[in-house]
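Chemist: All I have is the shape, not the residue letters:
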């Protein structure tokens, strides 16, 4: 069924099947027919060009209708009328969704927090909506290219579900467990995102879309992302040099190591770490106690922050997450958690630092752009942006961690050794972190 661009207040713009179904409903109950057309118009706007899908039916009923209708009772009337229309059109399964208890609960749910919880549960149970994965976190209401890709994934999941790909393979076997179903569905989502369509790989199209979405927030955002596109796309491939220090220090910790009375690594281990994980150019100083050996101290604290080691009764121990961890998994953990996906002043300051590193510079004075972003995006109190000391700690921490991981060499002023140019691996890591934020941060409403 193809939608007609002429759809509007009368039925002349509807295709023949919809017009006939609405005429029948009108002969039975004009009020139901009127509500059915309202529902169809809304469903059409939420659906791909080819017609309704389960994903678009759920999106309209569970998200849009709740906002558009005057109250829950009115929303339920439209949902019931749309169910009658869908049934007349031969979409009995979609009609069942419109009449379902779940739809009724979501239309009546208040406040927003309760609706969000129920919506997430309903979407997961349906198995149709594009679920979040390690590659992407979807916006609550996707638009533009993101919506088109979400629709494609929804259609793919629907076809797979109807075809029985998520059903047990053995006759009379129990249904697949929630965890298994979730894993399989995430696999389908990631497989679609990695496919190439007109315009290139879908995931890379999403990167470009998110850059465009972010730059709508403020003019300074345009400057933040200017010229970074190539590096952000290239960052889909890991830079293993940056995880070498994490792997190396984890290996030295082994099954656990006793800390000093002050809670630091033993001097002998620090000496081995410096000798094997940093070149004399990167750390042009002799090793000593951990507090005086900045790269070792920084990486050890980073391992704690990433949840890869823990302190217990005076010992530093590996966590279950770190046992047998691959370089790829270690890279993914580092990229995902170095800054995270929150949107607040500190992470905005970190974004500015990351952008400077991607451009091939050591960040020295990022205050001007950071302040412009905070003001333009509404992070003000009494007409002034947060003070530097309130937003810079995370940015300084990120720069320190990037340096310890090999993005920059440590400066030795006595011998004139300094480095303002980041390493290729450092640029790749900074780009991967900023890319991760683009793909996983849920944006507040403009």
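Modeler: Perfect, I can see it now. Note that the structure is predicted; figures quoted are calculated from it, not measured.
Chemist: Which residues does the longest helix anywhere in the chain contact?
Modeler: Ordering each helix of the chain by length in residues (DSSP state H) puts helix 144-162 first. Contact partners of helix 144-162, identified using Cβ atoms under 8 Å, 6 or more residues apart in numbering, comprise 47-48, 53-56, 127-130, 138-139, 142, 166, 185, 188-189, 192-193, 202, 205-206, 208-210, 212-213. To be clear about C-beta, it is placed using only N, CA and C from the backbone, and glycine gets the same treatment.
Chemist: tell me the mean pLDDT over it?
Modeler: In this model, helix 144-162 carries a mean pLDDT of 91.
Chemist: Now do the buried residues in it.
Modeler: With burial defined by 16 or more other Cβ atoms under 10 Å, the residues of helix 144-162 counted as buried are 145-158, 160-161.
Chemist: Give the next helix or strand downstream of it.
Modeler: Once the chain leaves helix 144-162, the next helix or strand it forms, by DSSP states H and E, is helix 178-193.
Chemist: And residue 196, its phi and psi?
Modeler: phi -110, psi 130 (degrees, to the nearest 10).
Chemist: check contacts around the residue lying closest to it once chain neighbours are set aside.
Modeler: Excluding the flanking residues, the one nearest residue 196 by Cβ to Cβ, 6 or more residues apart in numbering is residue 202, at 7.5 Å. For residue 202, the contact set (Cβ under 8 Å, 6+ apart) comprises 149, 152, 192-196.
Chemist: which of the residues you listed lies closest to residue 395?
Modeler: Ranked by distance to residue 395 (Cβ to Cβ), the contacts of residue 202 are led by residue 193 at 30.4 Å.
Chemist: helix or strand for the closest residue to that closest one other than its chain neighbours, which one?
Modeler: In space, and not counting its chain neighbours, residue 193 is closest to residue 203: 4.3 Å by Cβ to Cβ, 6+ apart. Element membership for residue 203 (DSSP H and E) is helix 202-215.
Chemist: how distant is that helix from the center of its chain?
Modeler: Remark: helix 202-215 is offset 12 Å from the chain centroid, using Cα atoms, centre = their mean, to the nearest Å.
Chemist: Show me which residues of it are buried.
Modeler: 202-211, 213-215.
Chemist: quick one: it to helix 144-162, angle?
Modeler: Angle of helix 202-215 versus helix 144-162, following axes from the mean of the first three to the mean of the last three Cα atoms, to 10 degrees, is 140 degrees.
Chemist: Around residue 57, how many other residues sit close by?
Modeler: By the criterion of other Cβ atoms under 10 Å, residue 57 has 27 neighbours.
Chemist: can you tell me which residues contact the residue lying closest to it once chain neighbours are set aside?
Modeler: With sequence-adjacent residues excluded and distances taken as Cβ to Cβ, 6+ apart, residue 57 is closest to residue 94, at 4.7 Å. If you count contacts by Cβ under 8 Å, 6+ apart, residue 94 has them with 52, 54, 57, 86.
Chemist: so which of these is the most crowded?
Modeler: residue 57 leads these on contacts (other Cβ under 10 Å) with 27 neighbours.
Chemist: Strands of the stretch 201-350 of the chain, start to end?
Modeler: With DSSP state E, counting those that start in this stretch, the ranges of strands along the stretch 201-350 of the chain come out as 257-258, 309-312, 315-318.
Chemist: residues making contact with the second one?
Modeler: In other words, strand 309-312. Against strand 309-312 from outside (Cβ under 8 Å, 6+ apart): 250, 253, 259, 263, 300, 303-304, 316-319, 322.
Chemist: Could you list the buried residues of stretch 328-341?
Modeler: Those would be 330-340, for stretch 328-341 by 16+ other Cβ under 10 Å.
Chemist: Which ones among those lie within helices?
Modeler: 330-337.
Chemist: nearest to residue 98, of the residues you listed?
Modeler: Nearest to residue 98, judged by Cβ to Cβ, of those is residue 336 at 37.9 Å.
Chemist: Start and end of stretch 91-109, how far apart?
Modeler: 26 Å (Cα to Cα, to the nearest Å).
Chemist: got any ranges where the chain has weak pLDDT?
Modeler: Applying pLDDT under 70 to the chain picks out residues 1-14, 381-385, 388-389, 413-418, 445-446.
Chemist: Quick check: residue 218 touching residue 371?
Modeler: No - the pair residue 218 / residue 371 is not scored as a contact, 12.0 Å apart, by Cβ atoms under 8 Å.
Chemist: Mind jotting down where the strands sit in the stretch 1-150 of the chain?
Modeler: Going by DSSP E, counting those that start in this stretch, the stretch 1-150 of the chain shows no strands.
Chemist: where do the helices sit along it?
Modeler: Assignment of helices within the stretch 1-150 of the chain using DSSP state H, counting those that start in this stretch yields the ranges 16-28, 30-46, 54-59, 65-68, 72-88, 92-99, 101-108, 112-126, 144-162.
Chemist: just these: most buried one?
Modeler: helix 54-59 (a mean of 24; mean count of other Cβ atoms under 10 Å).
Chemist: That one - contacts with which helices or strands?
Modeler: The helices and strands touching helix 54-59, judged by 3 or more Cβ pairs under 8 Å, 6 or more residues apart in numbering; DSSP states H and E, are helix 30-46, helix 92-99, helix 112-126, helix 144-162.
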